[in-house]
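Visitor: fold the stuff below for me.
(chains A and B)
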Number of protein chains: 2
Amino acid sequence: MKAIEGSITAPKGYIGAGIKAGLKKSGKEDLALLVSEVPAAVGAVFTQNKMAAAPVILSRRVVKDGVVKAILVNAGCANACTGERGMVDAEAMVRTAAQLFGVPDEQVLVCSTGVIGQYLPMDKVTAGIKTVFGELAKDKGEGVALAIQTTDTFIKKACYELTIGGKTVTIAGIAKGAGMIHPNMATMLGFVTTDAAVAPAVLQQAAKQAADNSFNLVVVDGDTSTNDTFAVLANGMAGNSLIDSTDHPDYPVFYKALETIAQDLAKLIARDGEGATKFLEVKVTGAASREDAKCAAMAIAKSPLVKTAFFGEDPNWGRIVCAAGYSGAALDAGKVSLVIGGITVVENGMGTAVDEAALHAAMAEHDVLLEINLAVGDASISVWTCDLSYEYVKINGEYHT
Amino acid sequence: MKAIEGSITAPKGYIGAGIKAGLKKSGKEDLALLVSEVPAAVGAVFTQNKMAAAPVILSRRVVKDGVVKAILVNAGCANACTGERGMVDAEAMVRTAAQLFGVPDEQVLVCSTGVIGQYLPMDKVTAGIKTVFGELAKDKGEGVALAIQTTDTFIKKACYELTIGGKTVTIAGIAKGAGMIHPNMATMLGFVTTDAAVAPAVLQQAAKQAADNSFNLVVVDGDTSTNDTFAVLANGMAGNSLIDSTDHPDYPVFYKALETIAQDLAKLIARDGEGATKFLEVKVTGAASREDAKCAAMAIAKSPLVKTAFFGEDPNWGRIVCAAGYSGAALDAGKVSLVIGGITVVENGMGTAVDEAALHAAMAEHDVLLEINLAVGDASISVWTCDLSYEYVKINGEYHT
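Guide: Below you'll find the predicted structure:
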């Protein structure tokens, strides 16, 4: 498996486009269509937010059939908290696209992202769908990545080539997300395409597991959005023998590729966290269970006090240990240890006589690894986050207006 | 029951003082002693953080006996993550004070607040205890309130006079806390004194319940400190008949006074939240249970997206509904309603055609009430929080260094 240059349309049989439909106040690209030449198997996971947006409610139904022709995405308006009218609008989006492709409505997945509580300007959306349909091309994958963004500052993508069952398979992914990022599936929009042949039920299971090991381990601000969607399409055009079970000999290599790409995208989301000036990996070891490890890691990664300390490059490590302490995870307070950027700052629950200048220098790096050992077991986990800066406050105090 | 002017030493039989012992880098008051002329009954609750500081571990033992002569508090150093040496230091503080009063060690409660992971400069502390002992006076209650502060910007106190069993009773409270504020007992330092006669077991139960209904309903940043302590002293000098059971006819009026003072202090903490420019009350109604109501209210109060929106006075109400949606609380997505500062912005799960200028004006008030009805039951709760500003980031990026 090797990383290659390539957009979301790099795998065989995918085309796409992104256009300016006039939904974003900024006037930037805001409507995207991603299409498989032949209907593709789909696996997807959605937000667990009880106020799930209309497109999420609709797409959950679509995914049940396991086959998708196209994914339609708009940014600029989340179509959430929009009641019956929002459902009617989402259905109209699907119908318009389905008719253009001549496929059943059930083969179009629809996603929206942007401000909550506003209705879609359906005249612009409908016109836009027709326009973007006319633009579809193999080389317009970058346009798709661009049109799904909101406060993102760069395109989040990854692409790999690997061999499955003697066939060359390509797998590519894109994601959007910079704020309202919290693990509880799927915390953003993420799409993966592959030309591998994978049965829908297997793909569904793989998508769920990959999300748990990637997007669900990222936190920017602890808010879980109403619109999060992660969908994986597999159209089989690589010609490998169908991976029809998780026991299939080719499943592990496929899953590994999917998980890798999902983790790549997840880390890019943390790296592009709203206002982020640093990328932080929080690694918890010595935990009693994976759940405990995640609980402690998330408490640290979510803590505004930890995040502002890293923004200020302030070696106030007590806040990290404190967050582990209130997380609920089991720990041995007299044995806990903490290493920041390779420097041991806590041993046996006590501060070491650390050189504050060296610690400050370690925290001044752009990428910092925190490792905390809870000293009660063997479980471990890594989660990814960013610091909390003035810019986060600025972005989120001014987003809507 | 009426509010009166008065410090923490206003009730009969209390004296106190706060001095500059050289523990704070700022050079401000940092060592306080609060004393009851006669040993007082005590009820107290402490942080649930597993990395509880040495003074918390020690004070938990003290409280078991139910009788306290004095409370000794230092700011500037939390004596947390300090291992055995920290315990030895906390014990030495207690011993020094106990010897001055000629009481058993078990009658001195000790609290520390400040930076985690540093050892107390015991020479300064020991000298300071002797100095503050010599300063003790009836009219130096304000000094106690001042010396327990860290990033607080004003003194948090409340005082009431009431009649219990025909006797005039005074009850007074102080608190410190502006950051690292999250419900899980007690999220700060808080002390209440009264001259009412209340048995230790009853006082313990009352303190726990009052904390649950006050300090545990406040959130600034969601971090639970290693040092939180809330202690209530009752020395009986008012001469009322001893409240020796929660079934005692005078218990309700006493409890009501204690809860009122605890809520006053809790609200002052939210009002002084680090960098706060606004005071927000989040009221959840129509919840399936009190737990669900608290869960939804806390999710809203903790959300950085909600808090930054209020800082920016950005009428982005979708974030509030979104937070309720991911909180885990049961809700009817099609019936949820939301009122901000008296303006109905969501009805039946959908945005109303609200006047954005009016909504913006409502959010521009210093004190704002958010009311969200989950439409599934009869339970309700109010929690108190503040907005998230540039100043919060500044304070916490620069605190330690």
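
Visitor: only C-alpha atoms for contact and neighbour calcs from this point on.
Guide: Will do.

Visitor: what residues are up against the residue nearest to A:Asn227 when sequence neighbours are not counted?
Guide: Spatial nearest neighbour of A:Asn227, excluding adjacent residues (Cα to Cα, 6 or more residues apart in numbering or on different chains): A:Ala53 at 5.5 Å. Going by Cα atoms under 8 Å, 6 or more residues apart in numbering or on different chains, A:Ala53 touches A:Ala78, A:Asn79, A:Ala80, A:Cys81, A:Thr82, A:Thr226, A:Asn227.

Visitor: distance from the centroid: which residue in chain A tops it?
Guide: A:Ala353 (39.6 Å; Cα atoms, centre = their mean).

Visitor: nearest residue to that residue other than its sequence neighbours?
Guide: Of all residues not flanking A:Ala353 in the chain, A:Val345 sits nearest, at 7.7 Å (Cα to Cα, 6+ apart).

Visitor: I'd assumed A:Leu338 was in contact with that neighbour.
Guide: Yes. A:Val345 is within contact range of A:Leu338, at 5.7 Å (criterion: Cα atoms under 8 Å).

Visitor: neighbour count winner among these two?
Guide: Between A:Val345 and A:Leu338, counted using other Cα atoms under 10 Å in any protein chain shown, the more crowded position is A:Leu338 (27 against 23).

Visitor: look up how far A:Thr9 lies from the closest residue to that one other than its chain neighbours.
Guide: Among residues not flanking A:Leu338 along the chain, A:Ile372 sits closest, at 4.4 Å (Cα to Cα, 6+ apart). A:Ile372 sits 40 Å away from A:Thr9, going by Cα to Cα, to the nearest Å.

Visitor: partners of the strand ranked longest in chain A, with directions?
Guide: Ranked by residue count and defined by DSSP state E, the top strand of chain A is strand A:31-46. In the sheet, strand A:31-46 lines up against strand A:14-19 (antiparallel), strand A:67-77 (antiparallel), strand A:229-234 (antiparallel) (DSSP bridges).

Visitor: need the contact list for A:Arg61.
Guide: Residues near A:Arg61 by Cα under 8 Å, 6+ apart: A:Glu106.

Visitor: helix or strand: which one has it?
Guide: Taking DSSP states H and E as the definition, one finds A:Arg61 inside helix A:54-64.

Visitor: and that helix, what's buried?
Guide: Residues A:Ala54, A:Pro55, A:Val56, A:Ile57, A:Leu58, A:Ser59, A:Arg60, A:Val62, A:Val63 are the ones in helix A:54-64 that count as buried (16 or more other Cα atoms under 10 Å in any protein chain shown).

Visitor: show me what contacts the first one?
Guide: By Cα under 8 Å, 6+ apart, the residues touching A:Ala54 are A:Asn79, A:Ala80, A:Cys81, A:Thr82, A:Gly83, A:Gly86, A:Met87, A:Ala90.

Visitor: what's around the fifth one, how many residues?
Guide: Around A:Gly83 there are 21 other residues, counting by other Cα under 10 Å.

Visitor: pretty sure it is touching B:Lys335, no?
Guide: No. Taking contacts as Cα under 8 Å, A:Gly83 lies outside contact range of B:Lys335: 9.5 Å.

Visitor: overlap of the contact sets of those two?
Guide: Taking Cα under 8 Å, 6+ apart as the criterion, A:Gly83 and B:Lys335 both touch B:Asn348, B:Gly349.

Visitor: what subset of the contacts of A:Ala54 is buried?
Guide: Judged by neighbour count, with 16+ other Cα under 10 Å as the criterion, the buried members of the contacts of A:Ala54 are A:Asn79, A:Ala80, A:Cys81, A:Thr82, A:Gly83, A:Gly86, A:Met87, A:Ala90.

Visitor: burial measure for the closest residue to the fourth one other than its chain neighbours, as a count.
Guide: The one in question is A:Thr82. Residue nearest to A:Thr82 in three dimensions, not counting chain neighbours: B:Met350, with 5.0 Å by Cα to Cα, 6+ apart. Applying other Cα under 10 Å, we find 25 residues neighbouring B:Met350.

Visitor: so where's the stretch 51-200 of chain A shaky on pLDDT?
Guide: Across the stretch 51-200 of chain A, the ranges flagged by pLDDT under 70 are A:178-187.

Visitor: show me what from it comes close to chain B.
Guide: Neighbours of chain B within the stretch 51-200 of chain A, by Cα under 8 Å from any Cα of the partner chain: A:Met51, A:Ala52, A:Cys81, A:Thr82, A:Gly83, A:Val115, A:Ile116, A:Gly117, A:Gln118, A:Met180.

Visitor: of all those residues, which two lie farthest apart?
Guide: Using Cα to Cα, those span at most 21.6 Å, a distance reached by A:Gly83 and A:Met180.

Visitor: domain map for chain A?
Guide: The record assigns chain A these domain ranges, following automatic domain parsing: A:2-271, A:279-398.

Visitor: pipe those domains into CSV and attach distance to B:Ser214 per row.
Guide: Putting these into CSV (distance: least, Cα to Cα, whole Å) gives the following:
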stretch, distance to B:Ser214
domain A:2-271, 24
domain A:279-398, 19
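
Visitor: may I see the buried residues of the longest helix seen in chain A?
Guide: Counting by DSSP state H, the longest helix found in chain A is helix A:251-271. Neighbour counts over helix A:251-271 (16+ other Cα under 10 Å) mark A:251, A:254-255, A:257-271 as buried.

Visitor: quick revisit: what strand or helix carries the residue nearest to A:Ala353?
Guide: Assigned by DSSP H and E, A:Val345 falls in strand A:343-347.

Visitor: nearest spatial neighbour of whichever residue of the stretch 101-250 of chain A sits closest to chain B, skipping sequence neighbours?
Guide: Of all residues in the stretch 101-250 of chain A, the one sitting closest to chain B is A:Ile116 (4.7 Å; Cα to the nearest Cα). Nearest residue to A:Ile116, sequence neighbours excluded (Cα to Cα, 6+ apart): B:Gly318, at 4.7 Å.

Visitor: quick check: A:Ala211 is in a helix.
Guide: Yes. Applying DSSP: H, G, I helix; E, B strand; the rest coil, one finds A:Ala211 inside a helix.

Visitor: can you give me the neighbour number for it?
Guide: 26.
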